[in-house]
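S.K.: model this:
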Amino acid sequence: MTFHAMTCTALTGPRSLRLQTYPSPPMESGKVRIAVRACGVNYPDLLMTYGRYQLRLEPPFVPGMEVAGEVLETGPGVEDVKAGDHVIASTRANGYAEQVVIDRNLVFHLPPGFTHAEGATFSVASRTAYHALVDRGNLQAGETLLVLGATGGVGLTAVELGKLRGARVIAVGSSDEKLAVARQQGADAVVNYLHQDFRQAVRDLTGDAGVDVVYDPVGGQLSTESARLLAWGGRLLIIGFASGAFPELRANHALIKGYSVIGVRAGESGRRNPEQARRGMEALRQLAAQGHLKPHLCAQYSLGNAAEALEALENRRVTGRIALLP
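M.R.: Numbering: from 1, shown residues only. This is a model prediction of the structure:
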């Protein structure tokens, strides 16, 4: 038996992806074989095709961090998942494929009411937002949360989760049209940093009190300016650097204002602390079952058009999430 997968053949970007055929791997104890119906497209997938992500894989490799589909078979020792179940799974790599074999502890049942495409774009963004805001940022009801990159997948999820936590949420982006989606997800206010004085707009919205938490998947100058907007005891959550630049943060400023700079790596944290990750995923599944955190899908591509999907992400043509359909 064989299957197809989109393979990165060189670290030159999305155009290096080629549809190739692979033999189906044998089943092992504790494993689950999934017929993939949808794959989530994430920013780290794009970085991997350039060799710029923390996990640097040498070509040839198959990118893709999350999938949804139907269980084909299970290995010995797997009892609570069975053939025919519809599931989601975190793969870290190998997701851009028609089939994956993965550890049972990385497989969860598809949230009720979710399509496969929604399921395939749920885990990474939700786990990132939850780990950042709950485990690392300790966001409290009544606090003010500033979300940079609020119109992307991890940003929109943070907006909604922040509201569910009882925070006042200010969403930041570069497009009024995209920021309208952030409002639909619950943002109390929005700031278009291309058309407004970013720092002054946030000061006006907070009455010069500043913000308690900054959720930052962007980096660069916007991150540097956001640090200056933190209130006493605030938390700057470093999620990533979608701008391509690292922020310049002044240690003396952190000392004077008593704020913390906190690194957020949901995936690595889960590998080091599986029990914390399990609790977080269970909380997210409960929220999803209540009708929350359903991904905002702006586009779906065929598996063979994975390069076009990644280029849409690279060129900032995405609001929310996109999925690949094998």
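S.K.: confirm that residue 19 sits in a strand.
M.R.: Yes: assessed by DSSP: H, G, I helix; E, B strand; the rest coil, residue 19 belongs to a strand.
S.K.: verify the stated contact: it with residue 3.
M.R.: No: under the contact definition of CB atoms under 8 Å, residue 19 does not touch residue 3, with a separation of 10.9 Å. C-beta: built from backbone N, CA, C; applies to glycine.
S.K.: between these two, who's got more neighbours?
M.R.: Set side by side, residue 19 and residue 3 give different neighbour counts by other CB atoms under 10 Å, the larger being at residue 3 (17 against 13).
S.K.: if that one is in a bridge, with which residues?
M.R.: With DSSP bridges applied, residue 3 shows beta-bridge pairing to residue 22.
S.K.: that one and residue 35, how far apart?
M.R.: Going from residue 3 to residue 35 by CB to CB, to the nearest Å gives 9 Å.
S.K.: what do the two both touch?
M.R.: 98-99 (CB atoms under 8 Å, 6 or more residues apart in numbering).
S.K.: just checking, residue 218 touches residue 238?
M.R.: No: Residue 218 lies out of contact with residue 238 (CB under 8 Å); the separation is 10.0 Å.
S.K.: pick out whichever of the two has more residues nearby.
M.R.: A side-by-side neighbour count of residue 218 and residue 238, using other CB under 10 Å, places residue 218 first with 27 against 22.
S.K.: look up how far residue 66 lies from residue 264.
M.R.: Here residue 264 is placed at a distance of 18 Å from residue 66 (CB to CB).
S.K.: who has more neighbours out of these two?
M.R.: Comparing residue 264 with residue 66 by other CB under 10 Å, the one with more neighbours is residue 66, at 26 against 22.
S.K.: skip the chain neighbours and tell me the closest residue to the more buried one.
M.R.: Distances taken as CB to CB, 6 or more residues apart in numbering put residue 40 closest to residue 66, at 4.1 Å, once the chain neighbours are dropped.
S.K.: pretty sure residue 103 contacts residue 28?
M.R.: No: using CB under 8 Å as the test, residue 103 is too far from residue 28 to be in contact (9.4 Å).
S.K.: please identify which of the two sits among more neighbours.
M.R.: In terms of neighbours (other CB under 10 Å), residue 103 is the more surrounded of residue 103 and residue 28; the figures are 15 against 11.
S.K.: for the more buried one, give the beta-bridge partners.
M.R.: Using DSSP bridges, the beta-bridge partners of residue 103 come out as residue 31.
S.K.: list the buried residues in the helix ranked longest in the chain.
M.R.: Selection of the longest helix in the chain by residue count, based on DSSP state H, yields helix 274-289. If you call a residue buried by 16 or more other CB atoms under 10 Å, then helix 274-289 has these buried ones: 277, 280-281, 284-285, 287-288.
S.K.: show me the contacts for residue 107.
M.R.: Contacts for residue 107 were tallied using CB under 8 Å, 6+ apart; they are 32, 34, 71, 81, 87-89.
S.K.: tabulate the CA atom coordinates of the longest helix of the chain in CSV.
M.R.: Extracted as CSV, the C-alpha positions of helix 274-289 are listed here (Å, rounded to 0.1, in the frame of the first residue of the first chain):
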residue,chain,number,x,y,z
PRO,A,274,2.9,16.1,28.9
GLU,A,275,0.5,16.3,31.8
GLN,A,276,0.2,20.1,31.5
ALA,A,277,-0.3,19.7,27.8
ARG,A,278,-3.0,17.0,28.4
ARG,A,279,-4.9,19.3,30.8
GLY,A,280,-4.7,22.2,28.3
MET,A,281,-6.0,20.1,25.4
GLU,A,282,-8.8,18.8,27.5
ALA,A,283,-9.8,22.3,28.5
LEU,A,284,-9.7,23.3,24.8
ARG,A,285,-11.8,20.3,23.8
GLN,A,286,-14.4,21.3,26.4
LEU,A,287,-14.6,24.8,25.0
ALA,A,288,-14.9,23.5,21.5
ALA,A,289,-17.7,21.2,22.6
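S.K.: packing partners for that helix?
M.R.: helix 123-130, helix 266-272 (3 or more CB pairs under 8 Å, 6 or more residues apart in numbering; DSSP states H and E).
S.K.: looking at these, which is buried most?
M.R.: Scoring the helices and strands packed on helix 274-289 by mean neighbour count under mean count of other CB atoms under 10 Å gives helix 123-130 as the most buried, with a mean of 26.
S.K.: which element follows that one toward the C-terminus?
M.R.: Downstream of helix 123-130, the next assigned helix or strand under DSSP states H and E is strand 144-147.
S.K.: what strands line up against that following strand, and which way round?
M.R.: Each strand that pairs with strand 144-147, with its direction, by DSSP bridges: strand 168-173 (parallel), strand 211-216 (parallel).
S.K.: export those strands to TSV and tack on distance to residue 273 and mean neighbour count?
M.R.: Rendered in TSV, the data for the strands paired with strand 144-147 read as follows (distance: least, CB to CB, whole Å; neighbours: other CB atoms under 10 Å):
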stretch	distance to residue 273	mean neighbour count
strand 168-173	27	27
strand 211-216	21	30
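S.K.: perfect, I'm done here.
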